[in-house]
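Q: Structure, please.
(3 chains)
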Amino acid sequence: MPNVSEILDLAGIFVFALTGALMGVRKRLDVVGMAMLAEITALGGGVVRDLILNVRPAAFQSVGYVLVPLVATVIVFYWHPHVTKVMPVILVLDAAGLGLFCAVGTAKAMEYGLSPLHATVLGITTAVGGGMLRDVLAGEIPTLLYDRQLYAVPALVGSATMAALSSYGLHGWPATLAAAVLAFGLRIVAMRRKWQAPVARGDGE
Amino acid sequence: MPNVSEILDLAGIFVFALTGALMGVRKRLDVVGMAMLAEITALGGGVVRDLILNVRPAAFQSVGYVLVPLVATVIVFYWHPHVTKVMPVILVLDAAGLGLFCAVGTAKAMEYGLSPLHATVLGITTAVGGGMLRDVLAGEIPTLLYDRQLYAVPALVGSATMAALSSYGLHGWPATLAAAVLAFGLRIVAMRRKWQAPVARGDGE
Amino acid sequence: MPNVSEILDLAGIFVFALTGALMGVRKRLDVVGMAMLAEITALGGGVVRDLILNVRPAAFQSVGYVLVPLVATVIVFYWHPHVTKVMPVILVLDAAGLGLFCAVGTAKAMEYGLSPLHATVLGITTAVGGGMLRDVLAGEIPTLLYDRQLYAVPALVGSATMAALSSYGLHGWPATLAAAVLAFGLRIVAMRRKWQAPVARGDGE
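A: Numbers count the residues shown, from 1 in each chain, chains lettered A, B, ... in the order given. The predicted structure is shown next:
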């Protein structure tokens, strides 16, 4: 089912690009800066993963991967107050992108012969790398490092699940979907219930 | 004509390194920090391009590429008030470096089999990547993301032109020169006429 | 002697991870952020080196490299006031890590056919790259760019020594150890005597 997985991939890229372009508006970047931030947010995690796998990044082999963030930029440029209004929807879609990217990233890493542990690390990298680059380029400490929300942890659980399934011979889109849905669900529950990661005592709180 | 292109390359690296070392003075870095910033500004864009192309970076195959930024550092360290006085000249030379690097970067990406669209993206990366790393390491949001000056757009036009020429079979230094001059001219005109990229309305202005 | 060099490597990773996790406490990151910063600080320099060498990063081939920073995170999370109290010890161990990483990084680069000059650059990158990433992700200008302490210079001396020894046919752990000890000693003396790198006059001081 190449079409389904490609459409899902592009959907994930679209949502991540929206968050990049919205950060651009918040930081009063010009439209060129918005487009660059949208591209890097959407594609950065996968590019870093592929550099580490020592293969040419997927983003540089597909026209859609480059064009979709530009579409997201145009939408945010003209209609960002409307986009901001549907932020709860975007957060849900972002959780879906997180789930999808961690599962797909881990699966690709396993395919290229990494151990389950290292594939898990690369799955997390795929899912959160673009957002970290977005925050650093916008002059901020990456949100997921300090905001105590569980964002990397669902990616960790999804990636580890994918790596486990894959090492038991369960590849293909059903396994990927299962791992993605698990990470997505965990992220949604963590948001709803406001679960928090602990902070070190003393200086830390 | 390897000599001409090598000399142009080293000249571009020299100017980019000057801007890195000058940023170091402005941020009160010590001389070691200045040298590191000069190296990363001058070589960063090309290194990122080559990592994505999955080849060993050109900067790590040429002695001149590493030494020229050190020369720029020494000059800025001892004579930075004089260097700052000729800033208008440096901005013109920086525009020349921008033009050259986007054309050379795109040509190399086409050579390695990338599509014209992706070669254009890598051309822009080559031209602006080092400056973005410079700004991030200096603790600032990359200038080109917010200052509304047309800096990435001339690189885009030059890269797209190079990609188009190359995909019609026009390689070699005349094509590269034409694309570089186009980007350079556009950048100069944009500076003179103070053309500005638009900012999203509402929060953005 | 693979065991000795592996243990030394893991010890260096452990100390670098401690500095990453401690930065996390100082910046009030949550435990997930601390772990991510510990991993990136400990492994970042070597990963960048291996990307430039165009080989799969060593950190993604060894389980220990990924697990040791997690151990450092747990220790800092629960006992960071105690860890902070032994900071002078940590600074000495960090100097040992600096020495080791610059020597090992340079040796690996020579092995992969880089020139002594470029191998020296990659040795410095191995030693200081992780710390630079740590500082950027923590929202700060990398310390070693401005604090005038000699940190990169000992790495430069150690790397250049390793490159020289290696280009005269002296490989293996005795040569690596000699270069590492030289860089380590120079760093310790620089700390004790408070040697300072110069800053450009005028704007700079």
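
Q: contacts and neighbour counts: CA atoms only from here.
A: Fine.

Q: Shouldn't A:Arg148 be within a helix?
A: No - according to DSSP: H, G, I helix; E, B strand; the rest coil, A:Arg148 belongs to no helix; its state is coil.

Q: any idea how far the residue nearest to the spatial centre of chain A is from A:Ala107?
A: Centroid check for chain A by C-alpha atoms, centre = their mean gives A:Ala127 as the closest residue, at 3.4 Å. Going from A:Ala127 to A:Ala107 by C-alpha to C-alpha, to the nearest Å gives 13 Å.

Q: A:Val48: neighbour count?
A: By the criterion of other C-alpha atoms under 10 Å in any protein chain shown, A:Val48 has 19 neighbours.

Q: That one is in what secondary structure piece?
A: helix A:31-53 (DSSP states H and E).

Q: And stretch A:79-98, what's buried?
A: Buried residues in stretch A:79-98, counted by 16 or more other C-alpha atoms under 10 Å in any protein chain shown: A:His80, A:Val83, A:Ile90, A:Leu91, A:Val92, A:Leu93, A:Asp94, A:Ala95, A:Ala96, A:Gly97, A:Leu98.

Q: and which of those residues is nearest to chain C?
A: Closest to chain C out of those is A:Leu98 (16.3 Å), distances taken as C-alpha to the nearest C-alpha.

Q: wait, A:Phe47 sits on A:Gln61?
A: To be clear, residue A:47 is Val; Phe isn't right here. No - contact criterion C-alpha atoms under 8 Å: A:Val47 and A:Gln61 do not qualify, at 11.3 Å.

Q: So for the two, which residue has more residues nearby?
A: Applying other C-alpha under 10 Å to A:Val47 and A:Gln61 shows that A:Val47 carries more neighbours, namely 23 against 15.

Q: mind checking how far stretch A:48-61 is from the chain centre?
A: Remark: stretch A:48-61 is offset 15 Å from the chain centroid, using C-alpha atoms, centre = their mean, to the nearest Å.

Q: How about residues contacting that stretch?
A: Residues from elsewhere that reach stretch A:48-61 (C-alpha atoms under 8 Å, 6 or more residues apart in numbering or on different chains): A:43, A:46-47, A:65-66, A:105, A:109, A:112, A:122-123, A:125-126, A:129, B:51-54, B:114-115, B:118, C:47, C:51, C:54-57.

Q: again, 7 Å this time
A: Identification of contacts with stretch A:48-61 by C-alpha atoms under 7 Å, 6 or more residues apart in numbering or on different chains yields A:43, A:47, A:65-66, A:122, A:125-126, B:51-54, B:118, C:51, C:54-57.

Q: quick one: average pLDDT of that stretch?
A: For stretch A:48-61, the mean pLDDT works out to 96.

Q: Next: stretch A:104-120.
A: Stretch A:104-120 shows a mean pLDDT of 96.

Q: of all the residues in chain A, which ones are close to chain B?
A: Taking C-alpha under 7 Å from any C-alpha of the partner chain as the contact definition, chain A meets chain B at A:25-26, A:28-33, A:51, A:54-57, A:60, A:77-78, A:137-139.

Q: How about residues contacting the lowest-mean-pLDDT helix or strand in chain A?
A: Of all helical and strand segments in chain A, the minimum by mean pLDDT, DSSP states H and E falls on helix A:2-26, at a mean of 89. Applying C-alpha under 7 Å, 6+ apart, the external contacts of helix A:2-26 come out as A:33-35, A:37-39, A:41-42, A:65, A:68-69, A:72-73, A:76, A:93-94, A:97, A:134, B:200, B:203-204.

Q: Weed out the non-buried ones from these.
A: Counted by 16+ other C-alpha under 10 Å, those give A:33-35, A:37-39, A:41-42, A:65, A:68-69, A:72-73, A:76, A:93-94, A:97, A:134, B:200, B:204 as buried.

Q: Setting aside sequence neighbours, what's the nearest residue to A:Asp30?
A: Spatial nearest neighbour of A:Asp30, chain neighbours left out: B:Val199 (4.4 Å); criterion: C-alpha to C-alpha, 6 or more residues apart in numbering or on different chains.

Q: and that neighbour, how many residues sit next to it?
A: Neighbour tally, B:Val199, other C-alpha under 10 Å: 23.

Q: so what's the backbone phi/psi at it?
A: phi -120, psi 150 (degrees, to the nearest 10).

Q: Surely it is in contact with A:Lys27?
A: No - using C-alpha atoms under 7 Å, B:Val199 makes no contact with A:Lys27, being 10.6 Å away.

Q: what does stretch A:131-138 contact?
A: Residues contacting stretch A:131-138 (C-alpha under 7 Å, 6+ apart): A:Gly20, A:Leu37, A:Ile40, A:Thr41, A:Ile141, A:Pro142, B:Val136, B:Ile141, B:Pro142, C:Leu137.

Q: For C:Phe14, see how far away A:Gly33 is.
A: Taking C-alpha to C-alpha as the measure, A:Gly33 and C:Phe14 are separated by 38 Å.

Q: and what of A:Arg192?
A: Using C-alpha to C-alpha, A:Arg192 is found at 36 Å from C:Phe14.

Q: who's more crowded, these two?
A: The residue with more neighbours, out of A:Arg192 and C:Phe14, is C:Phe14; 28 against 9, by other C-alpha under 10 Å.

Q: ok, now how distant is the more buried one from B:Leu22?
A: C:Phe14 is 36 Å from B:Leu22, by C-alpha to C-alpha.

Q: same check, this time on A:Thr176
A: 49 Å.

Q: More neighbours: those two, which one.
A: More neighbours surround A:Thr176 than the other of A:Thr176 and B:Leu22, with 29 against 24 (other C-alpha under 10 Å).

Q: ok, now which ones touch the nearest residue to A:Ile40 once chain neighbours are set aside?
A: Closest residue to A:Ile40 in three dimensions, ignoring its sequence neighbours and counting by C-alpha to C-alpha, 6+ apart: A:Gly130, at 6.2 Å. With contact taken as C-alpha under 7 Å, 6+ apart, A:Gly130 is in contact with A:Ile40, A:Thr41, A:Ala42, A:Leu43, A:Gly44, A:Gly45.

Q: again with A:Cys102
A: Contact analysis of A:Cys102 by C-alpha under 7 Å, 6+ apart lists A:Gly123, A:Ile124, A:Thr126, A:Ala127, A:Ala155, A:Gly158, A:Ser159.

Q: which one of those residues sits closest to chain B?
A: Nearest to chain B among the contacts of A:Cys102, with distances taken as C-alpha to the nearest C-alpha, is A:Thr126, at 15.7 Å.
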